[in-house]
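[1] show me how the following folds:
(6 chains)
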4 protein chains.
Amino acid sequence: MPPFSSHNTRASKRHHNRQAILHAARAVFAERGFGGTTVRDIIRRTDLATGTFYNYFDSKDEVFAALNETIGGGLREKLSHARTSALDFQSFVENNYRVYFGYFATHRENYFLMRSNRGREGGNQVMQGPQVQAGVAEMSADIRQAIAAGVLPAMDADYLAASLAGIAFGVLDIMMERDPIDPEAATLFATHLAIYGIGGLSQMRKDKGED
Amino acid sequence: MPPFSSHNTRASKRHHNRQAILHAARAVFAERGFGGTTVRDIIRRTDLATGTFYNYFDSKDEVFAALNETIGGGLREKLSHARTSALDFQSFVENNYRVYFGYFATHRENYFLMRSNRGREGGNQVMQGPQVQAGVAEMSADIRQAIAAGVLPAMDADYLAASLAGIAFGVLDIMMERDPIDPEAATLFATHLAIYGIGGLSQMRKDKGED
Amino acid sequence: MPPFSSHNTRASKRHHNRQAILHAARAVFAERGFGGTTVRDIIRRTDLATGTFYNYFDSKDEVFAALNETIGGGLREKLSHARTSALDFQSFVENNYRVYFGYFATHRENYFLMRSNRGREGGNQVMQGPQVQAGVAEMSADIRQAIAAGVLPAMDADYLAASLAGIAFGVLDIMMERDPIDPEAATLFATHLAIYGIGGLSQMRKDKGED
Amino acid sequence: MPPFSSHNTRASKRHHNRQAILHAARAVFAERGFGGTTVRDIIRRTDLATGTFYNYFDSKDEVFAALNETIGGGLREKLSHARTSALDFQSFVENNYRVYFGYFATHRENYFLMRSNRGREGGNQVMQGPQVQAGVAEMSADIRQAIAAGVLPAMDADYLAASLAGIAFGVLDIMMERDPIDPEAATLFATHLAIYGIGGLSQMRKDKGED
DNA sequence: GATGAATGAGGTTTCATTCAT
DNA sequence: AATGAATGAAACCTCATTCAT
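    Modelled structure (predicted):
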């Protein structure tokens, strides 16, 4: 046994290899999409051998899932933290957007990965990237709470949550195409649109009521 | 000789087969996504033979394209018509949404197809389905016009167009999950959110200006 | 019935179509070889339809055979005629070569066709093109006759016939690459080589006998 | 564990499989020709799986090339060696033929392979089998040298080299049909024909000159 | 007879996964 | 645990030939 090189070799090597695979996979999925990626594409960007892949993941599907898990986890955590520090509904929305746009502004790889969604299983390609799923679901819950607490007037919470996510997606795509990427501008735009829009939604009931 | 069925058989049979393939393809793509669909899957839902597929389309890609072309064409035309009849910006937005939601309410197959977008080539999965592309681009142009004409205050037209499309997508997904499907409710929700949101965007400048 | 266009339409049209197919086939086989040629390639150079091909030939193989038959026939006939007018063995050989090289000098298409021999069935690719087969066999017979008649000393007639054909092939390939094509030079070269070589073959026996 | 079979198994197995494929390919090409052979035909004569073929060769073309490379290499080397030991032009020619006929007399498989040349791309079917290519080209060079050195009178070196190769081909085909195969007889026949024929070619100039 | 779409066996190639070393 | 060749199902596509019109 070599004297130094390995006081915790076993575990750390394992971790290192797993990370190497994830890293390579993220890049390839982003470039070629899920369907266009082969396991060999992934392993080729690594100094491992084909078979080794299956010591770490059971299938191509699984790396993809793990990847989304990882990324989704990071984003979800940040969003969650941002949310707790919100004092009112506007800052709730604004914080969400700021974290969201900021995250992708500093993690371009993940943006491209997110867009590479697999092309089978009729899953919603837009709102069901795992990362977004989380955000939408939690946001939807928060909205319901806000309505219950009287902070927001009664309105369709699912439509609203889906709309806020849709705005996020749309604006994100434009933001990422620009140079320089300006997440703050995107945040302000989305926030204004959303907040005033939400304001209008209370009108909706009145409009109806006043018929 | 059957009395009707064959006054110009050759051409009509050809047309019939092409339709059969398109029909089958739409169903399979919707179920399994582009990547998960094989040409055999398509042809199996047909009473044609494998080779016949290639008399009508050169590849899987091509059916997919033709399908989107067809669908996109239909929707685009309707949207275009709706737009010309708009008297003010609110009805412009409202008509767009009404046509959009109404279209998918009565064409569920196409909704599922639209969500099956292929999973390779890093194309935007959300906003670049051919159908939507058209809508967004034209909407973006119309918004610029409206700004130039003074109907709308100066604002980021690309962000806005992308947001309006994002809202459409988000709301559509929720709408399609409900029973009964209520496109009018979706239209009103999206319209209110958008119109008031847009109203708020002018505030944005002022907010900034008043610093 | 149209007044002029067709006093013997039926038969002549049939002949015309057959010729059209043969003509097209010759060109395509020459370009792409037998294996690389599809029936559709052939028919595409024609104003006929796929199915019509099978009114004239039973298979791809058969056109190929007919083509070789036609060409071989032409060449064989010319060779045969040349042979009857030979007064001695030298002019027998010389006439053969002159006709052979002259034929391809004025029928380049057939030269290329001849080289496009099919690539299946382990048939000899060199000496068994149908055209050559004929020549070699007949030449072999003539050589035996010459030996029997005492015009030539005893020697291996099959080896000799094969060699004469081999020379023809080798020289032909070089000749066809040159510009201008000079069949007379080729004829003289091949004739000299052959005649003097044959002269040497009698020595062979003597060499052996004198051991 | 078997005592011998596996001291460096990995590499040796790889080599073994490659050989197995080449061996099978040679047999099938010889039987059916290039065009008539499918990759499946080859792999079927092996205990390997379809996909394995593509671990060793990229395509049918490539096995064929490798095969010719191997064979051509062997023959070329022998011919080259034979040539260096030639003292005069006659022994140069004689050695060439002896090696050539001797080679195929003891490698029947390769004879049949050589005749199976592919049937597409208008390549010369006769003189351009890789093996022969080498011989002809080198022979052509040697002839030019001999002419330059005054060993041979001026004559058309390309025609001559092609003719010598043509004789080899023609005689070989007859030789291989006989039982027993007698390469020495073939060698002597071809040599006599060639040497005396070449002698006659000098006459050609004179004939012309004396006009 | 002419047409040209339909047929379907069969060819080449890819690739997720297994497995012997 | 790592390796990387082997596997073989399955994908895409071609094309000689048939057949209804």
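[2] element containing the closest residue to A:A194 other than its chain neighbours, please.
    For A:A194, ignoring the flanking residues on the chain, the nearest one in space by Cβ to Cβ, 6 or more residues apart in numbering or on different chains is A:V93 at 5.3 Å. Backbone N, C-alpha and C define where each C-beta goes, glycine included. Assessed by DSSP states H and E, A:V93 sits inside helix A:89-105.
[3] domains for chain A, by residue range?
    Following automatic domain parsing, one finds the domains of chain A at A:9-57, A:69-210.
[4] where among those domains is the average confidence lowest?
    Ranked by mean pLDDT, those end with domain A:69-210 at the bottom, a mean of 82.
[5] counting neighbours, what do you get for A:T46?
    By the criterion of other Cβ atoms under 10 Å in any protein chain shown, A:T46 has 15 neighbours.
[6] contacting residues for it?
    Contact analysis of A:T46 by Cβ atoms under 8 Å, 6 or more residues apart in numbering or on different chains lists A:20-21, A:24.
[7] buried among those residues? Make that a ChimeraX selection.
    Selection of the buried residues among those in ChimeraX, burial being defined by 16 or more other Cβ atoms under 10 Å in any protein chain shown:
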select /A:20,21,24
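[8] let's see which of the contacts of A:T46 end up in helices.
    Among the contacts of A:T46, the members falling in helices (DSSP state H) are A:20-21, A:24.
[9] CSV for those residues, including distance to D:V151?
    As requested, these are exported to CSV (distance: Cβ to Cβ, whole Å):
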residue, distance to D:V151
A:A20, 68
A:I21, 69
A:A24, 66
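[10] doesn't A:N55 make contact with A:A49?
    No: shown here, A:A49 and A:N55 do not form a contact pair, counting by Cβ atoms under 8 Å, at 10.0 Å.
[11] who's more crowded, the two?
    Taking other Cβ under 10 Å, A:A49 and A:N55 do not tie; A:N55 has more neighbours (13 against 9).
[12] what's the burial count for A:A11?
    Counted with other Cβ under 10 Å, the neighbours of A:A11 add up to 8.
[13] which SSE is it in?
    In the assignment (DSSP H and E), A:A11 maps to helix A:9-32.
[14] need the contact partners of that helix.
    Everything outside helix A:9-32 that qualifies as a contact, by Cβ under 8 Å, 6+ apart, is A:37, A:41-43, A:45-48, A:52-53, A:56-57, A:63-64, A:66-67, A:70, A:109-110, A:112-113, A:115-116, B:120-122.
[15] mind redoing it with 6 Å?
    If you take Cβ atoms under 6 Å, 6 or more residues apart in numbering or on different chains as the criterion, helix A:9-32 is touched by A:37, A:41-42, A:45-46, A:56, A:63, A:67, A:109, A:112-113, A:116, B:120.
[16] can you give me the neighbour number for whichever residue of chain A sits closest to chain D?
    The nearest approach of chain A to chain D comes at A:T50, 11.8 Å away (Cβ to the nearest Cβ). A:T50: 11 surrounding residues under other Cβ under 10 Å.
[17] just checking, it touches A:I43?
    Yes: the pair A:T50 / A:I43 is scored as a contact, 5.4 Å apart, by Cβ atoms under 6 Å.
[18] ok now stretch A:100-112, how far from the chain's centre?
    The chain centroid and the centroid of stretch A:100-112 are separated by 9 Å under Cα atoms, centre = their mean, to the nearest Å.
[19] flag every buried residue along it.
    By 16+ other Cβ under 10 Å, the buried positions in stretch A:100-112 come out as A:100-105, A:110-112.
[20] what's the farthest-apart pair in these?
    Taking Cβ to Cβ as the measure, those reach their widest spread between A:G102 and A:F112, a distance of 16.8 Å.
[21] one step back: next, format the contacts of helix A:9-32 as CSV and append distance to D:G199 and secondary structure.
    Shown next, in CSV, are the contacts of helix A:9-32 (distance: Cβ to Cβ, whole Å; DSSP: H, G, I helix; E, B strand; the rest coil):
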residue, distance to D:G199, secondary structure
A:T37, 71, coil
A:D41, 67, helix
A:I42, 71, helix
A:R45, 69, coil
A:T46, 70, coil
A:Y56, 78, helix
A:V63, 77, helix
A:L67, 81, helix
A:E109, 79, helix
A:F112, 78, helix
A:L113, 80, helix
A:S116, 77, coil
B:R120, 71, coil
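[22] what subset of these is buried?
    The neighbour count (16+ other Cβ under 10 Å) marks A:37, A:41-42, A:56, A:63, A:67, A:112-113, A:116, B:120 as buried among these.
[23] for these, which one is nearest C:P153?
    The closest of these, once distances to C:P153 are taken by Cβ to Cβ, is A:D41, at 73.3 Å.
[24] where exactly do the helices run in chain A?
    If DSSP H is used as the criterion, the helices of chain A fall at A:9-32, A:39-44, A:50-56, A:60-84, A:89-105, A:108-115, A:130-148, A:157-177, A:183-210.
[25] which of the ones you listed sits most buried?
    Of all these, helix A:157-177 has the most neighbours on average by mean count of other Cβ atoms under 10 Å in any protein chain shown, namely a mean of 24.
[26] just give me how far that helix sits from the chain centre.
    How far helix A:157-177 lies from its chain's middle: 12 Å, per Cα atoms, centre = their mean.
[27] near chain B at all, that helix?
    Yes: judged by Cβ under 6 Å from any Cβ of the partner chain, helix A:157-177 comes into contact with chain B at A:158-159, A:162-163, A:165-167, A:169-171, A:173-174.
[28] need those in CSV with distance to DNA strand F, can you?
    Converted to CSV, the residues of helix A:157-177 next to chain B look like this (distance: Cβ to the nearest atom of the strand, whole Å):
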residue, distance to DNA strand F
A:D158, 36
A:Y159, 38
A:A162, 33
A:S163, 36
A:A165, 33
A:G166, 32
A:I167, 36
A:F169, 29
A:G170, 32
A:V171, 35
A:D173, 29
A:I174, 34
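[29] could you identify the most distant pair in those?
    The span of the residues of helix A:157-177 next to chain B, defined through Cβ to Cβ, is set by A:D158 and A:I174 at 25.2 Å.
[30] thinking again about what came up before, I'd like to know which of the residues of helix A:157-177 next to chain B is nearest to D:T84.
    Checking these against D:T84 by Cβ to Cβ gives A:D173 as the nearest, at 72.9 Å.
[31] contacts only, for A:T191.
    A:93-94, A:97.
[32] so which of the contacts of helix A:9-32 reach DNA strand E?
    Restricting the contacts of helix A:9-32 to those near DNA strand E by Cβ under 7 Å from any atom of the strand leaves A:T37.
[33] quick one: which of the contacts of helix A:9-32 is nearest to chain C?
    When these are ranked by distance to chain C (Cβ to the nearest Cβ), B:R120 comes first, at 31.3 Å.
[34] what sits closest to A:A86 if chain neighbours are left out?
    What sits nearest to A:A86 in space, not counting adjacent residues and going by Cβ to Cβ, 6+ apart, is A:F92, at 3.9 Å.
[35] ok, A:R98 next?
    Using Cβ to Cβ, 6+ apart and skipping residues adjacent in sequence, the residue nearest A:R98 is A:T187, 4.5 Å away.
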